[in-house]
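K.L.:
I would like the atomic coordinates for the input below:
(chains A, B, C, D, E and F)
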Number of protein chains: 4
Amino acid sequence: MINIDYTSREPIYLQIVGGMERLISLGILKPDEQILSIREFACQLKVNPNTVKKAYDILEEKKIIITKSTKGTFIASDIGKAKELKINSLVKDIKEKVKELESYGLTKEEIMKKLAK
Amino acid sequence: MINIDYTSREPIYLQIVGGMERLISLGILKPDEQILSIREFACQLKVNPNTVKKAYDILEEKKIIITKSTKGTFIASDIGKAKELKINSLVKDIKEKVKELESYGLTKEEIMKKLAK
Amino acid sequence: MINIDYTSREPIYLQIVGGMERLISLGILKPDEQILSIREFACQLKVNPNTVKKAYDILEEKKIIITKSTKGTFIASDIGKAKELKINSLVKDIKEKVKELESYGLTKEEIMKKLAK
Amino acid sequence: MINIDYTSREPIYLQIVGGMERLISLGILKPDEQILSIREFACQLKVNPNTVKKAYDILEEKKIIITKSTKGTFIASDIGKAKELKINSLVKDIKEKVKELESYGLTKEEIMKKLAK
DNA sequence: GTGGTCTAGACCACA
DNA sequence: GTGGTCTAGACCACA
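P.N.:
Presented below is the predicted three-dimensional model:
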């Protein structure tokens, strides 16, 4: 489900975090659904369990997943906020970059043209 | 003129490169103008001279600055390309983020609405 | 009657022990009263029977419950000690936390003020 | 400065977090002060660097320390909030336990007597 | 089997 | 030297 780029500058654990967020936002992973155990996922991704653990820890802190010790790990019941936050953050990033483009003298129309290409 | 974020994941030398490109694109640094020596700049930024050296090397390779040994370092005479490259890079960044937003299920129209706010 | 927090660092069997002690101290469970069988209780709590067994073992060792084989499990006839133990344990907890507060530079008077609020 | 109890149920990395918080609250570690590198600290505590790293990661997230890559790790400039939060949390814990004691039929006076012992 | 903790140690970019 | 990432693998409590 998730493709890892082992050569990327982005750490593997962050790629896992991002990948999980995408799967959830796309509705492929649903609220309360149990997800792969750390070991299984590590095995599937051909990655060390500690690396998956680190990703799960971050997702847990973001309230996107919940870990029930010895029972397994589950998608949170309410993940609406997580998705919304991610989208808002992306929108903010884009706005900043558009602003930067404008500071280089481009008009909104010119920017739109370039983006459409 | 340039703010360094020591806690950022982006290496300092790349922050310097980006900062110089911005100053040039904004017209604050002009063609043929002499810029600070590596040591002066390092001192001002409270950064290791090797770090500034690395940034200057990259800028030189991009033909954005020119080093005349014993005389100092100067902004290139023709820096049109630099600006263009910067703009293209920003456009590429935005396209990627738009793509990511789409992967979260948003349509182009929805994205435009959000950006317009 | 007892709420289990599956995400807590405190093991489930200890949560059950604590919960039972509370129910007894509050007088909800009375001396000589029969309590749920391990299986029934496990079923109700949605927990593994082994986990309830472990909790019952501990409660039995504390003389808080008594198991009469084939007849079932009962609250002990004399549970005065149980209450006393619970109180002592709470007092000990509080003392530790007060000590910690003092290690942060607060005086006894300051702590009392804060508690009175 | 920090004593680790290797036999405790509390994980070592949390003992380090707690110990650092105490040292800061006591004013032994001051704002902006550089602290031991992960390696040095690990060496001193006779613990694995990863364990110290985990503690530092948590402290960083709590905004108690700041990591400047390759420069080292520093106590945050503003750590007032951290201390206050910790104290409030302890006070809250104590209040809850006092309440629990009262639910067992003890009066405030009786509780005070027990705490004074 | 599940997650939690920890060690030993390697390799990397950066300064 | 400093922090960041990752692996391989051990051991534990718990269910």
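K.L.:
got a list of what the residue nearest to A:Pro49 when sequence neighbours are not counted touches?
P.N.:
Of all residues not flanking A:Pro49 in the chain, A:Ala42 sits nearest, at 4.2 Å (Cβ to Cβ, 6 or more residues apart in numbering or on different chains). C-beta: built from backbone N, CA, C; applies to glycine. Residues in contact with A:Ala42 (Cβ atoms under 8 Å, 6 or more residues apart in numbering or on different chains) are A:48-49, A:51-52.
K.L.:
how much space between A:Ala42 and D:Thr7?
P.N.:
Here A:Ala42 is placed at a distance of 30 Å from D:Thr7 (Cβ to Cβ, to the nearest Å).
K.L.:
per-residue confidence at A:Trp91?
P.N.:
One correction, residue A:91 is Val, not Trp. Here the pLDDT value assigned to A:Val91 is 92.
K.L.:
Could you pull out the helices in chain A for me?
P.N.:
A:12-25, A:38-45, A:49-61, A:80-103, A:108-116 (DSSP state H).
K.L.:
Comparing these, which yields the minimum mean pLDDT?
P.N.:
Here these differ in mean pLDDT, and the lowest is helix A:80-103 at a mean of 85.
K.L.:
Any idea how far it is from the middle of the chain?
P.N.:
Relative to the chain's own centre, helix A:80-103 is displaced by 15 Å; criterion: Cα atoms, centre = their mean, to the nearest Å.
K.L.:
quick one, it and helix B:12-25 angle?
P.N.:
50 degrees (axes from the mean of the first three to the mean of the last three Cα atoms, to 10 degrees).
K.L.:
quick one: A:Lys54 from chain C, how far?
P.N.:
Going from A:Lys54 to chain C by Cβ to the nearest Cβ, to the nearest Å gives 18 Å.
K.L.:
Look at the closest residue to that residue other than its chain neighbours and say how many residues are nearby.
P.N.:
Leaving aside its chain neighbours, A:Lys54 sits nearest to A:Tyr13 (4.2 Å; criterion: Cβ to Cβ, 6+ apart). Here the count is done by other Cβ atoms under 10 Å in any protein chain shown, and A:Tyr13 has 19 residues near it.
K.L.:
contacting residues for A:Tyr13?
P.N.:
Here A:Tyr13 is in contact with A:51-52, A:54-55, A:58 (Cβ under 8 Å, 6+ apart).
K.L.:
What's the separation between the residue lying farthest from the centre of chain A and A:Lys97?
P.N.:
Relative to the centre of chain A, the most outlying C-alpha is that of A:Gly105, 33.3 Å out, by Cα atoms, centre = their mean. As for A:Gly105, its distance to A:Lys97 is 15 Å (criterion: Cβ to Cβ).
K.L.:
before we move on, the earlier item: next one: the residue nearest to A:Lys54 from A:Lys83, what distance?
P.N.:
To A:Lys83, A:Tyr13 is 20 Å away according to Cβ to Cβ.
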